[in-house]
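A.B. asks: based on what follows, work out the 3D shape:
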Amino acid sequence: MPRRANARMAGVVVTLMPALGVVIAATVGARGAEGPKVKVENDVVYTKAGGTELKLDIAAPEGGDGPMPAVLVIHGGAWRAGNKGDVGAVLRELASHGYVAVSPQYRFCPKDLFPAQVHDVKAAVRWMKAHAAERRIDPGRIGAMGFSAGGHLALMLGVTGEKDGLEGEAPPGAPDTRIRAVVNYFGPVDLAAPDIPEVSKPLVKDFLGALATDRPELAAKASPRTYVSRDDAAILTFQGTKDPLVPHTQAVILADAMTAAGVPGRVELMVGSGHGWGGAEMDHTRAETFAFLDRHLRAQGDSGKASGTAPAPPAGANARPAAK
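C.D. replies: The predicted model follows:
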């Protein structure tokens, strides 16, 4: 695995918590004066779900008229824990790199089962597009990044569309939820895979409301691999080969599905790493993350601003197995 000496970044530290899975805690790096000054706004209400207001944090470069590319950053925590503030340092670093960065609160299981979490992150994308002008966002250049369960939700944003029945409640004329790029840090891809570790099966059960073996059709509906098709967002995935919660075979499953469908991107195995990493490995994945986002969200002459959607796929490229 190549290692590159890049500037130190906002790192991601993963803590295993009994009965809670994982929590992503961001630690501040040092970009200093390399990028523009950043403005941060916390606790902006973006939707109401189940009688509860859901809020988001947003970081953006100070100055400039935009529109700018944007990234929705989704925290981890086994769909049951964590906080949008966990990725605050990631938001600030993205903003210092010229992106509008948003982190949403979302509902937790087991109180709220799938697809509540997918509905919430899709509502966050709709908010970003609906408020694009005032927030200086280019609605046609939005990506998503997530860690662990947040990576799973970012993938669901990248591979599902209106016909998949996971949009949740949206007012008439609301923007679509299509995005153009996904960066997935060790998020699961197939919740019914036979090698899901025993420690993770209760986490999946609480997310679905049933064991994956008892409800295979529900597990398939909640799994990104079910929806992979040619018109999906480009995907970059990082996965440790010694991850105790998400086996590296999940990344191989994703790579095979992307290859079969012709989805652009890359799957990178971090040999010997677990459910997160630091040091030189983080320097490497940080650099690759920014290079990938820049490639897919900063392309000149193809912003898609008119419709706020990804470029149209070739004819006949939308076929995928129906999710039950």
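
A.B. asks: beta partners for the residue nearest to Gly85 when sequence neighbours are not counted?
C.D. replies: For Gly85, ignoring the flanking residues on the chain, the nearest one in space by CB to CB, 6 or more residues apart in numbering is Asp57 at 6.8 Å. Quick note: C-beta positions are derived from backbone N, CA and C, even for glycine. According to DSSP bridges, the partner residues bridging Asp57 are Ser103.

A.B. asks: for burial, what's the neighbour tally of Asp57?
C.D. replies: When neighbours are counted by other CB atoms under 10 Å, Asp57 registers 22.

A.B. asks: show me the contacts for it.
C.D. replies: Contacts for Asp57 (CB atoms under 8 Å, 6 or more residues apart in numbering) come out as Val40, Glu41, Asn42, Asp43, Val44, Lys84, Gly85, Gly88, Leu91, Val102, Ser103.

A.B. asks: now with 7 Å, please.
C.D. replies: Val40, Asn42, Lys84, Gly85, Gly88, Leu91, Ser103 (CB atoms under 7 Å, 6 or more residues apart in numbering).

A.B. asks: thinking the last one is in contact with Ala59, fair?
C.D. replies: Meaning Ser103. No - proximity of Ser103 to Ala59 does not meet the contact threshold set by CB atoms under 7 Å, at 8.5 Å.

A.B. asks: between those two, which one's more packed in?
C.D. replies: In this view Ser103 and Ala59 are compared by other CB under 10 Å, and Ser103 has more residues nearby, 28 against 24.

A.B. asks: quick check: pLDDT value at that one.
C.D. replies: Ser103 is assigned 98 on the pLDDT scale.

A.B. asks: same question for the one 5 residues further on.
C.D. replies: Phe108 carries a pLDDT score of 98 in this model.

A.B. asks: swap in Gly64?
C.D. replies: So, for Gly64, pLDDT stands at 83.

A.B. asks: use 238 as the first number from now on
C.D. replies: Okay, using 238 as the starting number, the last item reads as Gly301.

A.B. asks: so what sits against both of Ser340 and Ala296?
C.D. replies: Leu328.

A.B. asks: ok, the residue nearest the centre of the chain - contacts?
C.D. replies: What sits nearest the mean C-alpha location of the chain, by CA atoms, centre = their mean, is Ala391, with 2.4 Å. Ala391 sits next to Ile311, Ala381, Met382, Gly383, Val419, Asn421, Gly424 when contact means CB under 7 Å, 6+ apart.

A.B. asks: please enumerate the strands of the stretch 338-487 of the chain.
C.D. replies: 374-384, 418-422, 471-477 (DSSP state E, counting those that start in this stretch).

A.B. asks: dump the ones you listed into TSV; add mean pLDDT as well.
C.D. replies: Compiled in TSV, those are given as follows (pLDDT from 0 to 100):
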stretch	mean pLDDT
strand 374-384	98
strand 418-422	98
strand 471-477	98
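
A.B. asks: winner for burial among the ones you listed?
C.D. replies: strand 418-422 (a mean of 29; mean count of other CB atoms under 10 Å).
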